[in-house]
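Q: what follows is a predicted structure for the sequence shown.
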There are 2 protein chains.
Amino acid sequence: MGGKRIGELMTGAAAAGADRWLAGAAWVDGRYCPIEEAKISVLDLGVTRSDCTYDVAHVWRGRFYRLDDHLDRFSASMARLRLDPGHDRAKIEAIVHGCVRHAGLREAYVSMTCTRGRTAAGSRDLRTARNTFYCYAIPFVWISTPDQQAGGASLWVSTVTRIPPQSVDPAVKNYHWLDLDMALLDAYDHDAQLVVLRDLTGAITEGPGFNVFAFVNGRWLTPAAGTLGGITRLSVIELAAEAGQPVEQGLLTADDLRRADEVLVTSTAGGIIPVTVIDGRPVGTGMPGRLTAQLRDRYWARHQDPQYSTPVRYNEQD
Amino acid sequence: MGGKRIGELMTGAAAAGADRWLAGAAWVDGRYCPIEEAKISVLDLGVTRSDCTYDVAHVWRGRFYRLDDHLDRFSASMARLRLDPGHDRAKIEAIVHGCVRHAGLREAYVSMTCTRGRTAAGSRDLRTARNTFYCYAIPFVWISTPDQQAGGASLWVSTVTRIPPQSVDPAVKNYHWLDLDMALLDAYDHDAQLVVLRDLTGAITEGPGFNVFAFVNGRWLTPAAGTLGGITRLSVIELAAEAGQPVEQGLLTADDLRRADEVLVTSTAGGIIPVTVIDGRPVGTGMPGRLTAQLRDRYWARHQDPQYSTPVRYNEQD
């Protein structure tokens, strides 16, 4: 697995000044640009209030994985926050493809964001704000690198409480990550690579950008609520069923994690990642488990299945 | 009250291309620029994780109000988030003055932000991030305009729960405002201008950028915890004591607000603002109260007091 570039498929602007596009391509303020030029105003309410929503799809071997599901979720998130990207779905889809095309990437992390934008000069009234939409494609991002995944990742169960649904709807993908980042800094102090947070009752919720599954008492258990409805999470639920592995969406506790036979986390940025150490102690045998390996193989195989993937429009122009 | 500009004090770059600086001035990426050019990367973790802290001071009639208090709080917030702005306090203070000088403003809203910055290419490890600092000065911002303040503002008590301290420390001034903004949109639907949120137990916390006080049972009551330690809040506590008005920091309920003789909110963006309508019903007589008026007069008078204010360095160069 890697991030091979496909110079031979570059078109237009990408071919003209390829060096500037090597690190990624963005669509900001109504035009494509190299990622290093992709900036937003410090006055945008997406910055000053984190008043925005986003979604991240990925491209693997030249194909988007479940792009429709990501676009569906992005639309629902914008509606929930009363945000209008100013473009219809077909245009957003074209921009998403365009960013990958301009970057010339075969494997990519593709992010789309809609922010509240800026209020009228001198006003604090949110209703005067003109919402903004931007998008970018950069080389594929790994929460846990393939090397780390081979041995399994280490996870820390944090004492920081995840921002509760009563405050911010976790089903709306958002950038309110201070709880997650402060917990992650604490996890580093304990020699862990990843961190997971609990809710106000002590139940496991999610980590920075990922959902969690534990194989305990003969079935995969993952939180039913209080987390983002991850697309990779959905894939694991489907793939486990296909593989004859029972799955339950319910209440997951820290004790469940610690006594589980296998633990995995799911993210667009990395797929299905085995966890072999929790709070410094081994999970099961301390090696990536057999069930997790089956799910990973099925997950990556799906990326070539036309039912779940669509080819990037490398040859279009705009 | 207004935002009078002082062209005669403009220096250097501001004088050379004054038009471009009229809307405000910023310090970003190590240099001053007009506010419209002040942008940050869409990859900055201050955007993608709202992993940052900020502070806002203000300038009134050419003088900063309690700038040292704002710089103290900003330093404490950065330390709490393990952020390093890359400049010492004297340099940050010089930049804050420089932004006001470049904008040529006599009345200004002056914001300083430190973000986690960007991680190393291909890494998700927060420890690889180089933190960034930026600052800007724009014309004074009013949460509630002077006209609105004359008649008193209307406030809505939201059903949205403020992000709790167990998740994000409210004493660290932060951009996690989706709860506040969603509540504010709901307040607009109920014809209110402002909104206040409650905590998980139902107690009043704060609104978008302001603290709340209610005069009830013969004393001003304001939440003791679960809110930002506002500089204007501190001023009201001090000024009320000077004016012989008792103040208590404790538990403030929605019922307290509804049966109060007077209610006010405090913010750097607007000072002390009388609230005359709560949930569509009048507060006390329905007119701005006498005690609030006393505090407002004292508050604005303090802005010329050298104990609490310092002149902007309009004549320095850098």
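A: That came through, no problem.
Q: so what's the residue located most distally from the centre of chain A up against?
A: In terms of distance from the mean C-alpha position of chain A, A:Gly122 ranks first, at 35.9 Å (Cα atoms, centre = their mean). Counting by Cβ atoms under 8 Å, 6 or more residues apart in numbering or on different chains, A:Gly122 touches B:139, B:141-142. All C-beta atoms are positioned from the backbone trio N, CA, C, and that covers glycine.
Q: now, these that are in strands?
A: B:Pro139 (DSSP state E).
Q: so, low pLDDT: which residues of chain A?
A: A:1-18, A:318 (pLDDT under 70).
Q: and it, what are its domains?
A: Domain segmentation of chain A under automatic domain parsing yields A:20-139, A:146-304.
Q: let me have those in CSV, extended by distance to B:Gly244.
A: What follows is these, written out as CSV (distance: least, Cβ to Cβ, whole Å):
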stretch, distance to B:Gly244
domain A:20-139, 33
domain A:146-304, 39
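Q: out of the ones you listed, flag the one nearest B:Thr161.
A: Closest to B:Thr161 of the domains of chain A, according to Cβ to Cβ: domain A:146-304, at 3.8 Å.
Q: how far does the closest one stretch from start to finish?
A: One end of domain A:146-304 to the other measures 19 Å (Cα to Cα, to the nearest Å).
Q: so does that domain get close to chain B?
A: Yes. Domain A:146-304 reaches chain B (Cβ under 8 Å from any Cβ of the partner chain) through A:160-164, A:166-168, A:174-182, A:184-185, A:188, A:200, A:208, A:269.
Q: residues contacting whatever residue of the stretch 201-318 of chain A ends up closest to chain B?
A: Nearest residue of the stretch 201-318 of chain A to chain B, counting by Cβ to the nearest Cβ: A:Ala269, 7.4 Å away. A:Ala269 makes contact with A:56, A:58, A:109, A:140-143, A:209-210, B:124, according to Cβ under 8 Å, 6+ apart.
Q: in JSON lines: those, plus distance to A:Gly286 and neighbour count.
A: As requested, the contacts of A:Ala269 are exported to JSON lines (distance: Cβ to Cβ, whole Å; neighbours: other Cβ atoms under 10 Å in any protein chain shown):
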{"residue": "A:Val56", "distance to A:Gly286": "31", "neighbour count": "19"}
{"residue": "A:His58", "distance to A:Gly286": "30", "neighbour count": "27"}
{"residue": "A:Tyr109", "distance to A:Gly286": "30", "neighbour count": "22"}
{"residue": "A:Phe140", "distance to A:Gly286": "28", "neighbour count": "21"}
{"residue": "A:Val141", "distance to A:Gly286": "27", "neighbour count": "21"}
{"residue": "A:Trp142", "distance to A:Gly286": "22", "neighbour count": "21"}
{"residue": "A:Ile143", "distance to A:Gly286": "21", "neighbour count": "22"}
{"residue": "A:Gly209", "distance to A:Gly286": "25", "neighbour count": "22"}
{"residue": "A:Phe210", "distance to A:Gly286": "21", "neighbour count": "27"}
{"residue": "B:Arg124", "distance to A:Gly286": "24", "neighbour count": "20"}
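Q: hmm, back to that, can you turn the buried part of the residues of domain A:146-304 next to chain B into a PyMOL selection?
A: Only the buried entries of these go into this PyMOL selection, using 16 or more other Cβ atoms under 10 Å in any protein chain shown:
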select buried, chain A and resi 160+161+162+163+164+166+167+168+174+175+176+177+178+179+180+181+182+184+185+200+208+269
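Q: among the residues of domain A:146-304 next to chain B, name the ones in strands.
A: A:160-161.
Q: so which of the residues of domain A:146-304 next to chain B sit within helices?
A: Those of the residues of domain A:146-304 next to chain B mapping onto helices are A:178-182, A:184-185, A:188, per DSSP state H.
Q: any idea how far the residue sitting nearest the centre point of chain A is from A:Asp189?
A: Centroid check for chain A by Cα atoms, centre = their mean gives A:Thr268 as the closest residue, at 4.3 Å. Noted for A:Thr268: a distance of 27 Å to A:Asp189, by Cβ to Cβ, to the nearest Å.
Q: what lies in contact with stretch A:278-293?
A: Under the contact criterion Cβ under 8 Å, 6+ apart, stretch A:278-293 has outside partners A:149-152, A:154-157, A:190-192, A:215, A:220, A:243, A:245, A:257-258, A:260-264, A:272, A:274-277.
Q: the residues you listed in helices, which ones?
A: Among those, the ones falling in helices (DSSP H) are A:149-151, A:257-258.
Q: same list (those) but as CSV, adding neighbour count and distance to A:Ser41.
A: Below are the ones in helices among the contacts of stretch A:278-293 laid out as CSV (neighbours: other Cβ atoms under 10 Å in any protein chain shown; distance: Cβ to Cβ, whole Å):
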residue, neighbour count, distance to A:Ser41
A:Gln149, 21, 38
A:Ala150, 10, 43
A:Gly151, 14, 43
A:Leu257, 22, 42
A:Arg258, 15, 46
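Q: out of those, which comes closest to A:Gly104?
A: For the ones in helices among the contacts of stretch A:278-293, the nearest to A:Gly104 is A:Gln149 (26.0 Å; Cβ to Cβ).
Q: name the nearest residue to the closest one, sequence neighbours excluded.
A: A:Ile273 (5.4 Å; Cβ to Cβ, 6 or more residues apart in numbering or on different chains).
Q: for A:Thr115, same thing?
A: Distances taken as Cβ to Cβ, 6+ apart place A:Gly46 nearest to A:Thr115, at 2.7 Å, with adjacent residues excluded.
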